[in-house]
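Novice: Task: produce atomic coordinates for the following.
(chains A and B)
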Number of protein chains: 2
Amino acid sequence: MITREECEALDAADPLAAFRKEFSLPEGIVYLDGNSLGALPVRTPERVREVVEAEWGRELIRSWNDAGWFEQPYRLGGRIAPMIGAGDGEVVVCDTTSVNLFKVLAAALRLRPGRRTVLGDGAAFPTDLYIAEGVTGLFDGTRSVLLPSPRELAGHLDDQVAAVVLSHVDYRTGELLDMAAITAQVQAAGALMIWDVCHSAGALPVELGSCGADFAVGCTYKYLNGGPGSPAFLYVAGRHQAAAEQPLSGWFGHARPFSFEPGYAPTDGIGRFLTSSPSLLGQAALGASLDVWERADLNAVRAKSLSLTDLFITLVEPLDVEVATPREHARRGSQVALRHPDGYPVVQALIERGVIGDFRAPDLMRFGFTPLYLSYAQVWDAAGQLAEVLESGEWREERFGRRGAVT
Amino acid sequence: MITREECEALDAADPLAAFRKEFSLPEGIVYLDGNSLGALPVRTPERVREVVEAEWGRELIRSWNDAGWFEQPYRLGGRIAPMIGAGDGEVVVCDTTSVNLFKVLAAALRLRPGRRTVLGDGAAFPTDLYIAEGVTGLFDGTRSVLLPSPRELAGHLDDQVAAVVLSHVDYRTGELLDMAAITAQVQAAGALMIWDVCHSAGALPVELGSCGADFAVGCTYKYLNGGPGSPAFLYVAGRHQAAAEQPLSGWFGHARPFSFEPGYAPTDGIGRFLTSSPSLLGQAALGASLDVWERADLNAVRAKSLSLTDLFITLVEPLDVEVATPREHARRGSQVALRHPDGYPVVQALIERGVIGDFRAPDLMRFGFTPLYLSYAQVWDAAGQLAEVLESGEWREERFGRRGAVT
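Specialist: As a prediction, this is how the structure comes out:
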């Protein structure tokens, strides 16, 4: 079995080790929940303070022009674009993942007017399914159909399918889908492919462009470290932008927002997917995080992510848990999910020991691996704590909550 | 004519004078653009820092429960409710004004299924019109009709009208509409009344409840001082909540968000108008501002607002401008708009002199009056500067931009 000393040697040789000091994390904690809320970059508080005190407080309304507030959705989008394989003018930062999915789904249905079905994965993070339900409820005769699993796609991909929405990485098991193959399969059936990259943006190099994806949405508060409730992004392939129309047609998407015309006329390009004033504080925090990301090589991030998850899987495999995450690298995101019938109290006991993961009903313990601020030694420690919790049976104590509890 | 000394005496007797020190404003500036972006409350930076460094940085994911992040949309909504005449459980803070208008308009159309028209004011802030266009584009057979003016309402209010959307205060002229009378008129025709209170929330006591309003939306970055791009709010009268359904049906509006069910089931009450994760940084800043507002008597705010705008109108009336804002108190919000054919360069020259207002094409100079941080003496100074700019003709200088320019 691998020793802690071997992990320390891996850390000493880690090309990403220097990034650890770019993040502010409490002492004594192994944070394995960066797939839910990423850690705070050390320079973020100062950047947010600057926007609050100088741009807002001192410059006031002038900052819309002088501090580039109007341009922020485009600028931040342009900085995220290379991380997800998108080109210039294909990404904007705005609103939330759910709101953005609404926009791109409505646009997709309009681009495929004869078709009546939106296919989703019944096991996806539910807000995607709820939004698909909301959008199809507005288009007469359309409906949202849920697959039991993405593997059932072929059987449902008929000439009635307008669009398919899938998560690049399953939020529970951490399974990574084959973006290129699925996109090709969906498009071969005449449908449009919409990817939810919430759990892959910043976790691995996403290749929306070379995979030919039509649309994508994602959040920035997980692997991208934008902060709680930070603004989301959306991607629209350049080839669709001229024809794509979305119904959240607010003034930020207008061709001439300051001519205050009574009729809506969408601007050219990705800007037509904007709706209204950006959240400048949230965008400031995201900008500070992207300053860090711009210096990180995503291929190195992916390599370390796979090493960390390999290490964790190797260390926990002998324990009384079932590894729900695929072993195959090509099918693994940047988290490891372990099944245990009493996963809820086990996770609570781990948290008390300073190892922060989370739980998803009915039996999944989730552990996210964020290569910029996680060391091999910490992974070793986390696996050791899990072994102790399971062996000691301490999770059976009343204070950790009941078996099968839902968080 | 009133003297500066008389204004200073008014300031000395001003019951709201102590609020001035609650806001951080640059020296030497008279800020008359709080109707566009409100000033920074002095305690906001510290509160934002706390959320960034402690709640996010140190407590991380635990803050969703421990710091009450999940409850924020309801808590902040509950704090705004008394300022707009709403009851408990009738207001939530979320998303943007445009997105929230989309939600309530879609809900209104569903509550009036046989009716095919949404009436708006063609002179309203255009995002409201664009969103009405976007929503009606999704409901077969419905259309958005623009009134030349709210005064033309009666002639268009037939049995095909599902909903009417009007701004409580006109964003250009500052004209205040009679909320009670118009709401009654609209409802007598069987339609639903949606108020946009962006320019009245925090400017005067808004009485949505006693006026019987059906829905309302508003922003928090103007008179409410929530900061640039701070989250918006929406109001749904309690009587509509059980039947109202909106299509931006994300997981935050679900009855059981953490059971991760594949089908959408809206929660009871106002929560069904939530969509997704709140912007915690934006909400933190708004919370700090509401701490100030909670100590302010809105009737005193309204009284001072009318005194300030009376004073300004009196002082500028002799100048070479046309006052576009109604003199009648019952028809005036908290801004004064002045027409001048070269309004754009005049405003630029004023800004150079430290008096910050703004311009709306073709000829409107807008000046917002925010009683919590504006003094009578400052209003006197602003009027004096305007007189000097107009008399000197300095606005004709090339550097202030061309006549009729659009900002």
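
Novice: hey, which helix is longest across chain A?
Specialist: In chain A, taking DSSP state H as the definition, the longest helix is helix A:298-316.

Novice: following that helix, which helix or strand comes up?
Specialist: Using DSSP states H and E, the helix or strand that directly follows helix A:298-316 along the chain is strand A:322-323.

Novice: Could you pull up the mean pLDDT of the longest helix of chain A?
Specialist: The predicted model assigns helix A:298-316 a mean pLDDT of 98.

Novice: Equivalent analysis for stretch A:379-389, please.
Specialist: Mean predicted confidence for stretch A:379-389 is 98.

Novice: Identify the residues contacting it?
Specialist: Around stretch A:379-389, the neighbours that count as contacts under Cβ atoms under 8 Å, 6 or more residues apart in numbering or on different chains are A:2, A:4, A:7, A:30, A:32, A:308, A:311-312, A:315-316, A:319, A:321, A:346, A:349-350, A:353-355, A:367, A:369, A:395. Yep, even glycine has a C-beta here, placed from its N, CA and C like the rest.

Novice: Might you list the low-confidence residue ranges for chain A?
Specialist: Applying pLDDT under 70 to chain A picks out residues A:402-407.

Novice: Just give me the residue right at the centre of it.
Specialist: A:Cys198 (1.7 Å; Cα atoms, centre = their mean).

Novice: returning to that earlier point: would you mark the buried spots in the longest helix of chain A?
Specialist: A:298, A:301-309, A:311-313, A:315-316 (16 or more other Cβ atoms under 10 Å in any protein chain shown).

Novice: So which other helices or strands are in contact with it?
Specialist: Counting contacts by 3 or more Cβ pairs under 8 Å, 6 or more residues apart in numbering or on different chains; DSSP states H and E, helix A:298-316 packs against strand A:335-339, helix A:376-392.

Novice: Could you export that helix as PDB, CA atoms only?
Specialist: Only the C-alpha atoms of helix A:298-316 are listed here, as PDB (Å, rounded to 0.1, in the frame of the first residue of the first chain):
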ATOM      1  CA  LEU A 298      -5.600  22.600 -17.700                       C
ATOM      2  CA  ASN A 299      -3.800  19.600 -19.000                       C
ATOM      3  CA  ALA A 300      -1.700  19.500 -15.800                       C
ATOM      4  CA  VAL A 301      -4.900  20.000 -13.800                       C
ATOM      5  CA  ARG A 302      -6.400  17.000 -15.500                       C
ATOM      6  CA  ALA A 303      -3.300  14.900 -15.000                       C
ATOM      7  CA  LYS A 304      -3.200  15.700 -11.300                       C
ATOM      8  CA  SER A 305      -7.000  15.300 -10.900                       C
ATOM      9  CA  LEU A 306      -6.700  11.700 -12.300                       C
ATOM     10  CA  SER A 307      -3.700  11.000 -10.000                       C
ATOM     11  CA  LEU A 308      -5.600  12.300  -7.000                       C
ATOM     12  CA  THR A 309      -8.700  10.300  -7.700                       C
ATOM     13  CA  ASP A 310      -6.700   7.200  -8.600                       C
ATOM     14  CA  LEU A 311      -4.900   7.600  -5.300                       C
ATOM     15  CA  PHE A 312      -8.200   8.000  -3.300                       C
ATOM     16  CA  ILE A 313      -9.800   5.100  -5.100                       C
ATOM     17  CA  THR A 314      -6.800   2.800  -4.400                       C
ATOM     18  CA  LEU A 315      -6.800   3.800  -0.800                       C
ATOM     19  CA  VAL A 316     -10.500   3.400  -0.100                       C
END
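
Novice: tell me the angle of it relative to helix A:376-392?
Specialist: 30 degrees (axes from the mean of the first three to the mean of the last three Cα atoms, to 10 degrees).

Novice: what's the offset of helix A:298-316 from the middle of its chain?
Specialist: Centroid separation for helix A:298-316 versus its chain: 18 Å, with Cα atoms, centre = their mean, to the nearest Å.

Novice: do stretch A:323-342 as well
Specialist: A distance of 17 Å separates the centroid of the chain from that of stretch A:323-342, by Cα atoms, centre = their mean.

Novice: Just say which of the helices and strands packed on helix A:298-316 is most tucked in.
Specialist: Of all these, strand A:335-339 has the most neighbours on average by mean count of other Cβ atoms under 10 Å in any protein chain shown, namely a mean of 25.

Novice: Parallel or antiparallel, which strands does it pair with?
Specialist: Taking DSSP bridges as the criterion, strand A:335-339 forms sheet pairs with strand A:322-323 (antiparallel), strand A:364-368 (antiparallel).

Novice: Just tell me which of the ones you listed ends up closest to A:Ala162.
Specialist: strand A:364-368 (31.8 Å; Cβ to Cβ).

Novice: Off-centre distance for the closest one?
Specialist: 15 Å.

Novice: which residues touch it?
Specialist: Counting by Cβ under 8 Å, 6+ apart, A:32-36, A:172-174, A:222, A:312, A:321, A:324, A:334-340, A:343, A:346-347, A:350, A:357-360, A:382 sit against strand A:364-368.

Novice: Sort out which of those are buried, if you could.
Specialist: A:32-36, A:172-174, A:222, A:312, A:321, A:324, A:334-338, A:340, A:343, A:346-347, A:350, A:357-360, A:382.

Novice: re the thing from before, can I get the helices and strands packed on helix A:298-316 in JSON lines including distance to B:Glu328?
Specialist: Formatted as JSON lines, the helices and strands packed on helix A:298-316 follow (distance: least, Cβ to Cβ, whole Å):
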{"stretch": "strand A:335-339", "distance to B:Glu328": "63"}
{"stretch": "helix A:376-392", "distance to B:Glu328": "69"}
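
Novice: Point out the most buried one among the strands paired with strand A:335-339.
Specialist: Highest mean neighbour count among those (mean count of other Cβ under 10 Å): strand A:364-368, with a mean of 26.

Novice: how does chain A divide into domains?
Specialist: Taking automatic domain parsing as the criterion, chain A consists of the domains A:4-16+A:297-400, A:47-293.

Novice: Start and end of the last one, how far apart?
Specialist: Domain A:47-293 has an end-to-end distance of 15 Å (Cα to Cα, to the nearest Å).

Novice: Show me how far that domain is from its chain's centre.
Specialist: What separates the centre of domain A:47-293 from the centre of its chain is 11 Å, taken as Cα atoms, centre = their mean.

Novice: One more: stretch A:290-301?
Specialist: 16 Å.

Novice: Residues touching that stretch, excluding its own?
Specialist: In contact with stretch A:290-301 (Cβ under 8 Å, 6+ apart) are residues A:15-16, A:19, A:22-23, A:41, A:43, A:76, A:79-80, A:83, A:202-205, A:224-225, A:371-372.

Novice: swap in stretch A:318-327?
Specialist: Outside stretch A:318-327, the residues that touch it by Cβ under 8 Å, 6+ apart are A:172-176, A:309, A:313, A:316-317, A:332-333, A:335-340, A:364-365, A:386-387, A:390.

Novice: how about 7 Å then?
Specialist: Residues from elsewhere that reach stretch A:318-327 (Cβ atoms under 7 Å, 6 or more residues apart in numbering or on different chains): A:173-175, A:313, A:317, A:332, A:335-340, A:364, A:386-387, A:390.

Novice: what's the answer for stretch A:112-128, then?
Specialist: Outside stretch A:112-128, the residues that touch it by Cβ under 7 Å, 6+ apart are A:98, A:101, A:105, A:129, A:132, A:136, A:141-150, A:156, A:160-167, A:170-171, A:191-192, A:196, B:250-251, B:260-262, B:276.
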